[in-house]
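**Q** sequence? don't have it. structure:
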DNA sequence: TCATTTTAGACCACCCTGGTCAATAATCAG
DNA sequence: CTGATTATTGACCAGGGTGGTCTAAAATGA
């Protein structure tokens, strides 16, 4: 919708988007200051209202922008076919890590306005979010042909499932915490996934049937 | 220090403390509004500055108040003697749940100003926090006579340790999410802990040596 | 009764708000 | 080059919120 804005060169767009995302994520909608945004973005005050009509217009644009990234860089890439629960969750986890390190501001922004509670959102954004949420649920849990026979017999597979999910989640949070505000260097990634694989191996050893 | 304030009856003190905790936790120090606080607490504007000298004075009081609760209702109660890692973490987890449901505002407040990043705190509060942090670390991990022999031999005990921690953490977060903004009814607690015990049993089955 | 302590909220000077707009700079068409 | 169109700036606006003060009244106590 903001055609004027879309015509800008990428560098400037990015500066504005990031300044705005940061301000909204930190302060919330009401407390966010357009003055701060223009100062941080290094543009004149008038331009923000020339590109987007109002504060609300800017906010809507940011919501769409962030949801699109979430969709394209994450949701659409989730594989649907794996039967090995741990492998599936691991690959999702890796993608999520990539998403969060490559687009930290967008994800913080979405976190603030969707995951956190008690914030009213425009109808359109809520709809879009609910769609995406439904898709993600379907992709991750939907086609429940998870191979339960992989699990050992003496435990409740459903509960084991949750425990594994939480454990992997915990590792991811730990990882994200370590890389907070750092840009991830390519050469750091491989040993990280090695470590991750160690953890996954333990989970398999413990929760799956032992061969032989 | 705020003697005037301490002489008030408990109900009024509580109203003021809770209004202030909520405002600070939601908006952060700078953005928090003393006007909002007095309105929410139902007292005249002047009183806040009569009890505490300034906004900063109020904030310091809240920090101490919350840290004290954390200390007395949680840290000092952590048992130091258990060797069974899972049992120990489980009991800590239960206490933490109690702490968070009985003092949600205090814990949100502390979360905002300690766990969240990039907020400067007064020197005294930082010291107090670091002490408490050190104590908690020592209590939880310090006397590392955790009985590693309980773990099965074919996995790295250190890593298993972390996985268990994350899993239990995940369950707790799930629980806290379910009870967000609800006061926990006593009759709801027991079945909850039954469920928790189920999860713990699975963890033991999977990570500990099998008997016989 | 009168002195002391609590209380309320009007008031202060100041700062920041989202948004406008007139003046200017840059770009483009012919 | 000219003249029109577009992009850009920042001073400016009315309105509202800021932490904090102070007067005057109410409550309390002796």
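**A** Thanks, I have it. What you are looking at is a predicted structure, and each value in this text was computed from that prediction instead of being measured.

**Q** Need the contact partners of the helix or strand bottoming out on mean pLDDT in chain A.
**A** Within chain A, no helix or strand scores below helix A:123-137, which has a mean of 78 by mean pLDDT, DSSP states H and E. With Cβ atoms under 8 Å, 6 or more residues apart in numbering or on different chains as the test, helix A:123-137 has contacts from A:60, A:63, A:64, A:67, A:70, A:71, A:75, A:78, A:114, A:121. Using the backbone N, CA and C atoms, a C-beta is placed for each residue, glycine as well.

**Q** chain center to it: distance?
**A** Helix A:123-137 has its C-alpha centroid displaced from the chain centroid by 14 Å (Cα atoms, centre = their mean, to the nearest Å).

**Q** now swap in stretch A:32-39 and tell me
**A** Per Cα atoms, centre = their mean, the centroid offset for stretch A:32-39 relative to its chain is 25 Å.

**Q** Over to stretch A:50-61?
**A** With Cα atoms, centre = their mean, you get 23 Å for stretch A:50-61.

**Q** ends of it, how far apart?
**A** 14 Å (Cα to Cα, to the nearest Å).

**Q** and it, which residues are buried?
**A** A:51, A:52, A:55, A:57, A:58, A:59, A:60, A:61 (16 or more other Cβ atoms under 10 Å in any protein chain shown).

**Q** Pick the one among the residues you listed closest to DNA strand C.
**A** In terms of Cβ to the nearest atom of the strand, no member of the buried residues of stretch A:50-61 lies closer to DNA strand C than residue A:55, at 3.4 Å.

**Q** from the contacts of helix A:123-137, which would you call buried?
**A** A:60, A:63, A:67, A:70, A:71, A:75, A:78, A:114, A:121.

**Q** What separation do you get for the residue nearest to the spatial centre of chain A and DNA strand C?
**A** Central residue of chain A (Cα atoms, centre = their mean): residue A:107, 5.1 Å from the mean position. Relative to DNA strand C, residue A:107 is positioned 23 Å away (Cβ to the nearest atom of the strand, to the nearest Å).

**Q** wait, is that residue part of a helix?
**A** Yes - assessed with DSSP: H, G, I helix; E, B strand; the rest coil, residue A:107 lies in a helix.

**Q** excluding its backbone neighbours, what's nearest it?
**A** residue A:100 (5.2 Å; Cβ to Cβ, 6 or more residues apart in numbering or on different chains).

**Q** Residue A:164 contacts residue A:84, doesn't it?
**A** No - counting by Cβ atoms under 8 Å, residue A:164 does not reach residue A:84; the two are 11.2 Å apart.

**Q** Phi first, then psi, for residue A:151.
**A** Dihedral pair for residue A:151: phi -70, psi 150, per degrees, to the nearest 10.
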